[in-house]
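Participant: With the sequence up front, the predicted model follows.
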Amino acid sequence: MFLDTTKKLKIDNPRGLATLASWCLLSLGSFAFAADPTSVPSANPKSPGIWKADILSPELVEAPVAQGAMPVENPSTLVGFYGYNNDGPLLPAPGADPTGSAKIEASKTEPDKNTYLILRNQKGPDPNYNYGTHFLFQGHETGQTGYITRVNLDADGPHRVTLMADQDVNGAQLPTIDGSTWYPFSEHLLFTVEGGSRGGVFQATLGDDSSGTFKSTVEDLGGIMGRGGYEGIQADPWGNLMIVEDSGGPNGTVNTHARQPNSFIFRFIPNDPRDLKKGGKLQALQVIGRSGAPIVFHAGQADADILSQDVKDLHTYGLVFRTNWITVHDTANGTAPFNANAAAKAASATPFKRPENGQFRPGSNFTEFFFDETGDTNAQTEAGSAFGGFGSIMKLRTSPRSDVGALQLFYLSDVDHAGFDNTAFWTKDKVVFVEDRGDGLHAQHNALDSAFLFDVRLNYGAPGAPQPIRLLAQGRDPSATLDSGFLAVPMSKLQNEGDNEITGWHLSNGDPSVDGLLGAKNPHPFKDGWRLFYTGQHGDNVTYEILPSAVGQHDRDDSNNGDED
């Protein structure tokens, strides 16, 4: 039996390396916040050649649980480290020529979306080692090949990171991976690939030794859920999957700093949740505009769509739009891989400006789904805030058993709160969205990324409404600072990105049962086994656990973050 469905945190044998994160969690398990964390005043500036420390709310601290240079315990030809490929040195050698033809540093693989699970009886490459019960799974977003790692949170250094897979069941190299989630109905991990014609959803087992070397079995579901720029993925208690696509559209010929909306929100309804390979229906979200007609993509009319009245309406506070789920593919008609983006356009679904992730609101019975748009990540966007140029957060009200619903703007982004990507509910009434502004917008606005806490009960469009709380002003580690400097130098072999990015923001109690689906329970940060993780992508590729600081320790007899159970 794979799963531990108990509700309390259990460590059978926390041998070897007991990280600060693990000990703090155990000792502070009876503490939580009596109020919201204090807002960090401002983002870290982007300063050439200067690395910046992360700044968290004074009630929070962070502790690394895995770092890019950690060797995996069962390396392959291309994968030897948690966050690097084996194609160069982890840091450029002294005197290395960044303008030459030789690669001067290894490809950085960027551990992406985190999935935390409490599991019993998990094995690994070392048959004599007890790997514990607490695990963090990730796919890797860049590099020479995609791969899946398991951070063994109870393990010592040599057993801390396990390579789960870098090939699929047919022996093909995995594409680079963006999102992940646990699908309890079939006991598989699901990984998404933001890869266009190579994109889609892959399912992976928790690992087995049937091949003689411990690995996960990974299968491509492109003929079931299609190909696309898939990123965010979440399940509901009926086994349906919400899939958020991030496919950047073309820039306008007049509005040259803005992109045409080109990405879709999908829902997959399986025929049998116990086996996704049995197929089902892929649907796309259609929004009905104020004219009464669907808001759709217009091929060859990027400028018209960028500044259309429909797009402006979608980014206007107070407007509520009817929605439909439109079936774009049914596996009853075939299981060959298909272009989900093209199918959504052909079915008159509604495109958005690069949505990346979303989550169900706890306590809503999976009827409220909040998702973000990244926008244009360009301070010069002609779309501005009014047309979603800096992104947004949308609230979708729908029923898992219905094809109709309603959509409205929750938060309209601006240049100071832009490019939202990963998300996780903090409590049932509070949600965190983190930025992915990118090096270009970092430089244009002199601000690195931040994580913000929103109250979903507030009307952020009302006069005098407060701004969200900044929980984290991300810094830039030395390795990312070096890479950022390289971006300004003409080079033929630079394959790594520059500034760090906040990714994999994930709050979970690790329950692998259907009751543990994100959105099924009201989260309690730092209490009852709820743990919070994120990864500082790029640079040193460090994955952190966030914990309460001495300032943030309050007795649980106080209030529960202002939320009711």
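Facilitator: Thanks, I have it.
Participant: residues contacting Phe185?
Facilitator: 235, 239, 273-274, 514 (Cβ atoms under 8 Å, 6 or more residues apart in numbering). C-betas here are computed from N, CA, C, even on glycine.
Participant: These: which two are farthest apart?
Facilitator: Greatest spacing in those, by Cβ to Cβ: Ala235 and Arg274 (12.8 Å).
Participant: Between these two, tell me which one has more neighbours.
Facilitator: Remark: of Ala235 and Arg274, Ala235 carries more neighbours, 26 against 11, as counted by other Cβ atoms under 10 Å.
Participant: wouldn't Ile148 be in contact with Ser216 here?
Facilitator: Yes - the pair Ile148 / Ser216 is scored as a contact, 6.1 Å apart, by Cβ atoms under 8 Å.
Participant: in stretch 250-258, what's buried?
Facilitator: 251-252, 255, 258 (16 or more other Cβ atoms under 10 Å).
Participant: Can I get those in JSON lines including secondary structure?
Facilitator: Formatted as JSON lines, the buried residues of stretch 250-258 follow (DSSP: H, G, I helix; E, B strand; the rest coil):
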{"residue": "Asn251", "secondary structure": "strand"}
{"residue": "Gly252", "secondary structure": "coil"}
{"residue": "Asn255", "secondary structure": "coil"}
{"residue": "Ala258", "secondary structure": "coil"}
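Participant: Just name the closest of those to His524, please.
Facilitator: So of the buried residues of stretch 250-258, ranked by how close each gets to His524 (Cβ to Cβ), first place is Ala258, at 41.0 Å.
Participant: need the contact list for the closest one.
Facilitator: For Ala258, the contacting residues are 251-252, 306, 376, 378, 381-383, 387, 389, by Cβ under 8 Å, 6+ apart.
Participant: From those residues, which land in helices?
Facilitator: Members of the contacts of Ala258 lying in helices (criterion: DSSP state H): Ile306.
Participant: ok, which pair from the contacts of Ala258 is furthest apart?
Facilitator: Within the contacts of Ala258, Asn251 and Phe387 form the most distant pair, 13.9 Å apart (Cβ to Cβ).
Participant: Tell me which residue of this protein is furthest from the middle?
Facilitator: Going by Cα atoms, centre = their mean, the residue of the chain most distant from its centre is Gly95, 36.9 Å out.
Participant: Lys103 versus that one, what's the distance?
Facilitator: Distance of Gly95 to Lys103, given as Cβ to Cβ, to the nearest Å: 15 Å.
Participant: related to what we said a few turns ago, quickly list what's touching both of Ile148 and Ser216.
Facilitator: Counting by Cβ under 8 Å, 6+ apart, the contacts common to Ile148 and Ser216 are 164-165, 189, 204.
Participant: ok, the residues you listed vs Ala473, which is closest?
Facilitator: For the shared contacts of Ile148 and Ser216, the closest approach to Ala473 (Cβ to Cβ) belongs to Leu189, at 31.6 Å.
Participant: Would you mind listing the residues in contact with the residue nearest to the closest one when sequence neighbours are not counted?
Facilitator: Using Cβ to Cβ, 6 or more residues apart in numbering and skipping the chain neighbours, the partner closest in space to Leu189 is Ala204 (4.6 Å). Contact analysis of Ala204 by Cβ under 8 Å, 6+ apart lists 148, 164-165, 188-191, 216-219.
Participant: Check the residues you listed against Phe371 and report the nearest one.
Facilitator: Leu190 (17.2 Å).
Participant: any idea of the pLDDT on the closest one?
Facilitator: At Leu190, the predicted lDDT confidence score is 98.
Participant: ditto for the one 5 residues further on
Facilitator: At Gly195 the predicted local distance difference test score is 89.
Participant: quick revisit: looking at the shared contacts of Ile148 and Ser216, which one is closest to Arg397?
Facilitator: For these, the nearest to Arg397 is Leu189 (28.9 Å; Cβ to Cβ).
Participant: Quick check: next helix or strand after the strand or helix carrying that closest one?
Facilitator: Per DSSP states H and E, Leu189 falls inside strand 188-193. Later in the chain than strand 188-193, the nearest helix or strand by DSSP H and E is strand 200-204.
Participant: Run me through the strand neighbours of that following strand, direction for each.
Facilitator: strand 188-193 (antiparallel), strand 218-220 (antiparallel) (DSSP bridges).
Participant: a markdown table please, covering those strands and showing distance to Leu314 and mean neighbour count.
Facilitator: Shown next, in a markdown table, are these (distance: least, Cβ to Cβ, whole Å; neighbours: other Cβ atoms under 10 Å):
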| stretch | distance to Leu314 | mean neighbour count |
| --- | --- | --- |
| strand 188-193 | 24 | 26 |
| strand 218-220 | 33 | 22 |
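Participant: will you turn those into a markdown table that also has distance to Ser402?
Facilitator: Below are the strands paired with strand 200-204 laid out as a markdown table (distance: least, Cβ to Cβ, whole Å):
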| stretch | distance to Ser402 |
| --- | --- |
| strand 188-193 | 24 |
| strand 218-220 | 30 |
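Participant: Of those, which is nearest Leu412?
Facilitator: Of all those, it is strand 188-193 that lies closest to Leu412, at 26.6 Å by Cβ to Cβ.
Participant: How confident was the prediction at the residue nearest to Leu189?
Facilitator: For Ala204, pLDDT reads 97.
Participant: One more: the one 10 residues further on?
Facilitator: With respect to pLDDT, Phe214 has a value of 87.
Participant: how about low-confidence regions in this structure?
Facilitator: Low-confidence segments of the chain (pLDDT under 70): 1-34, 209-212, 490-493, 554-565.
Participant: Adjacent strands (with direction) for the lengthiest strand in it?
Facilitator: Longest strand of the chain, by residue count under DSSP state E: strand 320-330. Sheet pairing of strand 320-330 (DSSP bridges) gives strand 280-287 (antiparallel), strand 404-412 (antiparallel).
Participant: Same list, those, but as TSV with distance to Gly504 and mean neighbour count please.
Facilitator: Converted to TSV, the strands paired with strand 320-330 look like this (distance: least, Cβ to Cβ, whole Å; neighbours: other Cβ under 10 Å):
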stretch	distance to Gly504	mean neighbour count
strand 280-287	25	24
strand 404-412	21	19
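Participant: Dump those into CSV; add distance to Ala66 as well.
Facilitator: Formatted as CSV, these follow (distance: least, Cβ to Cβ, whole Å):
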stretch, distance to Ala66
strand 280-287, 34
strand 404-412, 32
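Participant: quick one, which of those strands is nearest to Pro478?
Facilitator: Closest to Pro478 of those, according to Cβ to Cβ: strand 404-412, at 33.7 Å.
Participant: isn't Ala383 right next to Gly389, touching?
Facilitator: Yes - the pair formed by Ala383 and Gly389 meets the contact definition of Cβ under 8 Å, at 3.1 Å.
Participant: of those two, who's got more company?
Facilitator: More crowded of Ala383 and Gly389, by other Cβ under 10 Å: Gly389, with 31 against 25.
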